[in-house]
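Visitor: Predicted coordinates and the sequence they were generated for:
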Amino acid sequence: MKRMIIGAMALFMGVVCTEAKGLERKQLFDSDWQFALEDTTQWRSVTLPHDWSIEGTFSKDTPAGNEGGYLPTGKGYYRKTFVPGREYEGKRLRLYFEGVYMNSEVYINGQRAGGHPYGYSSFFVDATPFVKVGVKNVIDVRVDNSQQKNCRWYSGSGIYRHVWLYTTGQRYIDEWSVQVLTPDTHTAVIKGEVVMEDGTRKPIEKTIREANPRLWSPDDPYLYQTTLEAEGDCLPVTYGLRTIEYSAEKGLLLNGKEIRLNGGCLHHDNGILGAAAFDAAEYRKAKLMKEAGFNAVRTSHNHPSESFLRACDELGLLVIDEAFDGWREQKNAFDYHLLIDQWWQEDIKALVCRDRCHPSVFCWSIGNEVIERKKIEIIKTAHNMIQLCHQLDPTRPVTSALAAWDRDWDIYDPLAAEHDIVGYNYMIFKSQSDHERVPNRVMMQTESYPRDAWRNYRKVQDETYVVGDFVWTSIDYLGESGIGRWYYEGEVPGESWERPLFPWHAAYCGDIDFTGQRKAIGHYRNILWNTNELLYMAVCEPDGYHGKVKTTMWGTWPTFECWNWPGHEGKDINVEVYTRQPRVRLFLNDKLVGEQEVKECKATFTLPYQPGELRAEAVAGSEVKGSVVLQTAGEAKTLRLTADHTTLQADGQDLAFVTIEALDAQGRLNPIAANGLKATVKGAATLQGLGNADVKDCDSYADATHHLWKGRALLVVRAAEKRGAATVTIAADGLKTASLKLKVGK
């Protein structure tokens, strides 16, 4: 039995500890930046996080191409001035950049102070030698994302995550030195190091005992809080008590109980917001996954934001925290293969030391489908990376995502043996023969096709040594344009790596779309894995209705909550019903269409389409357990605006996500409405993004116009830094204008 006690994990919640003269140890440094793209004579004001690529225009000629979502990259420049008062005299000042994509260089008063080439790593810059107290100081950050292609998905460009100013005495606790260990589930031992004036380090330790511990889990993500103090410095620490064990005999045990991972892979972007890692957007991403029934996430294929991990801690999502996509052999001309020899140790430290205190993180991943996997040298590379992970954090297993694009799978056994848990990309059908050959191997499918939901669900349920499945993907994402699409005969065929697929500028393989709506496949997966959804019904687009349908490797048949198919009257149409109940009845306009036995949690009916009401009932014995209805909507007449919350923080950071829906005269969603939209935001807020779920609609996400798709669109509003009220107004072609009031305060 391999056993890993990870009872107490910690994370840093921000500005709690304060210097004696009122200086906050950690201050958000996102406001009052100036930005210039390419031309440093043209500056404008921005508040971080900022992604300049998403502000651009989609074009088939952009250097980042299919992989980068057909959005511009280039070189950008950021500048901020600040005047530290006399209270900063004698203090140690550090700038903390959570993420800058990429090749960043930081200058303070004209002198180079630091920077980092890998755009996904967080990094510190010691500002103490360069900052002058009592006068204006100038911080310049140069960002170079011009060397393309350097990523296989949309990276975004710029200072896309938070920047912080740390102010301490000359002695301070090193944030990334902190670890929390548990000799048992009642005890948390918090360890760290104080950096002394001369750079030497002094170990510190604090022990906390809980008589009646409340253990962290996806079902109960309970967090404790404490403070670590030493040498006049202090850090707030939030930790969760939990244990992890894993073996081929018992599978994955969380707090001594078996848990099966219903996981989703996730890229770092926020859809129509680009790569900008607003706390509210990162939290929403985790919340959407949790609501969709996932209990685990793989951060593909790079360091995630701290905000996202905090959300996973709070909401209860287990995390595979991934470092890299590739190693020494390139996938793109300017990718990590250029950096690995000089930077891999620093970048793994940046991942593990930053994230090892999050209770949600249960596993590290060092790579994804590396190209050189058939070379003997790869075993040494993997060994060295895994050894460093274990050195920095002896409490978690390490994996990487292995794949075979040919018949040579068994030859990877020596490479697989280096890992604690072996990641299988699309290869879990090999699990039984692998188990016979290597009985002690613990496996999880680190990527799978959405269409294989049932087969992969059964695999995890039936084989203890397969501890989970991570579908590609949980949420649609920018770049890798066209993955998961369907298309019509006569259009450009194939997959995204084969040829450009413009105007597709994103991947459509997610269970959840860009507006936050769950697709049919997402409802199906949730019903397989969970008991919180009894019944779901959707309708397959008739083949030939818009054209002869072609699906792709990560795609599923276009299937929607829609009973509006004008022109198809009297012609056959397929209806899918998902449930765990044994039988389903289907009614059209109160007439029984038929009753079917449910197989693989699905029943499919074929019937002639007629407008009206479609009703499905889930039946067990003679009892109707539940029903669901689809109705033909009339012509769209009005708009409905629904905000996820209507009171925002006046911090320049908070977001409201406003769902826009076209309704008929009876208040029903019209699922085929495609009206043009124009948004206006006035008052103490600004428009941050406007878009829909159609990832081949190339209207900019950054301007005030877009279209409905399938009757919906999404508007994102950003709060100002002052209190007040804001009004969102949406005008739509042919529809009544709608408005929504927001309060910006607290």
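Guide: Thanks, I have it. Numbers count the residues shown, from 1 in each chain.
Visitor: In contact with Tyr701: list those residues for me.
Guide: 54, 272-274, 689-691 (C-beta atoms under 8 Å, 6 or more residues apart in numbering). C-beta here means a position set from N, CA and C on the backbone, and glycine is covered the same way.
Visitor: One more pass at 6 Å, please.
Guide: Residues counted as contacts of Tyr701 (C-beta atoms under 6 Å, 6 or more residues apart in numbering) are 272, 689, 691.
Visitor: Next: Cys540.
Guide: 557, 559, 574.
Visitor: Now neighbour count, secondary structure and distance to Arg201 too, for these, in a markdown table please.
Guide: As requested, the contacts of Cys540 are exported to a markdown table (neighbours: other C-beta atoms under 10 Å; DSSP: H, G, I helix; E, B strand; the rest coil; distance: C-beta to C-beta, whole Å):
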| residue | neighbour count | secondary structure | distance to Arg201 |
| --- | --- | --- | --- |
| Trp557 | 15 | coil | 59 |
| Thr559 | 19 | strand | 58 |
| Asn574 | 16 | strand | 66 |
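Visitor: Met196: which of those is nearest?
Guide: Nearest to Met196 out of the contacts of Cys540 is Thr559 (C-beta to C-beta; 62.4 Å).
Visitor: Okay, that closest one and Gly652: tell me how far apart.
Guide: According to C-beta to C-beta, to the nearest Å, Thr559 and Gly652 sit 41 Å apart.
Visitor: cool, and Arg354?
Guide: Distance from Arg354 to Gly652, by C-beta to C-beta: 25 Å.
Visitor: more neighbours, these two?
Guide: Arg354 (21 against 17; other C-beta atoms under 10 Å).
Visitor: Let me see the backbone angles for that one.
Guide: phi -70, psi -40 (degrees, to the nearest 10).
Visitor: measure the closest residue to Asp313 other than its chain neighbours to Ser300 for me?
Guide: Closest residue in space to Asp313, ignoring its immediate chain neighbours: Ser360 at 4.7 Å, by C-beta to C-beta, 6 or more residues apart in numbering. Distance, Ser360 to Ser300, using C-beta to C-beta: 16 Å.
Visitor: the more surrounded of those two?
Guide: Counting neighbours by other C-beta under 10 Å for Ser360 and for Ser300 shows that Ser360 has the greater number, 28 against 25.
Visitor: correct me, but that one touches Val319?
Guide: Yes: Ser360 lies in contact with Val319 (C-beta atoms under 6 Å); the separation is 4.7 Å.
Visitor: pLDDT score for Met13?
Guide: Per-residue confidence (pLDDT) for Met13: 40.
Visitor: ranges for the strands of the stretch 201-350 of the chain?
Guide: 201-209, 224-230, 233-241, 244-247, 251-254, 257-258, 261-266, 296-299, 318-322 (DSSP state E, counting those that start in this stretch).
Visitor: neighbouring strands for the last one, and are they parallel or not?
Guide: Taking DSSP bridges as the criterion, strand 318-322 forms sheet pairs with strand 296-299 (parallel), strand 361-368 (parallel).
Visitor: same check, this time on the third one
Guide: Next to strand 233-241 in the sheet, as set by DSSP bridges, lie strand 8-11 (antiparallel), strand 224-230 (antiparallel).
Visitor: least reliable of these going by mean pLDDT?
Guide: Among these, strand 8-11 carries the lowest mean pLDDT (a mean of 39).
Visitor: mind checking how far the next helix or strand after that strand is from the chain centre?
Guide: Sequence order places strand 26-28 as the next helix or strand after strand 8-11, per DSSP states H and E. Put simply, strand 26-28 sits 24 Å off its chain's centre (C-alpha atoms, centre = their mean, to the nearest Å).
Visitor: Same question for stretch 493-500.
Guide: 24 Å.
Visitor: So what would you say the end-to-end distance of that stretch is?
Guide: 10 Å (C-alpha to C-alpha, to the nearest Å).
Visitor: Tell me the buried residues in that stretch?
Guide: In terms of neighbour count (16 or more other C-beta atoms under 10 Å), stretch 493-500 has its buried residues at 495-496.
Visitor: Also stretch 407-427?
Guide: 409, 412, 415-416, 418-427.
Visitor: One more: stretch 199-211?
Guide: 204, 206, 208, 210.
Visitor: Name the residue most distant from the centre of the protein?
Guide: Here the centre of the chain is the reference, and by C-alpha atoms, centre = their mean the most remote residue is Lys591, at 44.1 Å.
Visitor: What score does that one have for pLDDT?
Guide: The predicted local confidence for Lys591 is 97.
Visitor: Bridge partners for it, pull those for me.
Guide: Leu588.
Visitor: Any stretches of the chain with poor pLDDT?
Guide: Along the chain, the parts satisfying pLDDT under 70 run over 1-21.
Visitor: what ranges do the helices span in it?
Guide: Along the chain, the segments classed as helices by DSSP state H run 279-291, 306-315, 340-355, 377-392, 413-417, 431-437, 453-462, 520-529.
Visitor: ok, and what's touching the last one?
Guide: Looking back up the chat, that one is helix 520-529. 262, 292-293, 450, 453, 457, 511-512, 533, 536, 538, 556, 559, 578, 601.
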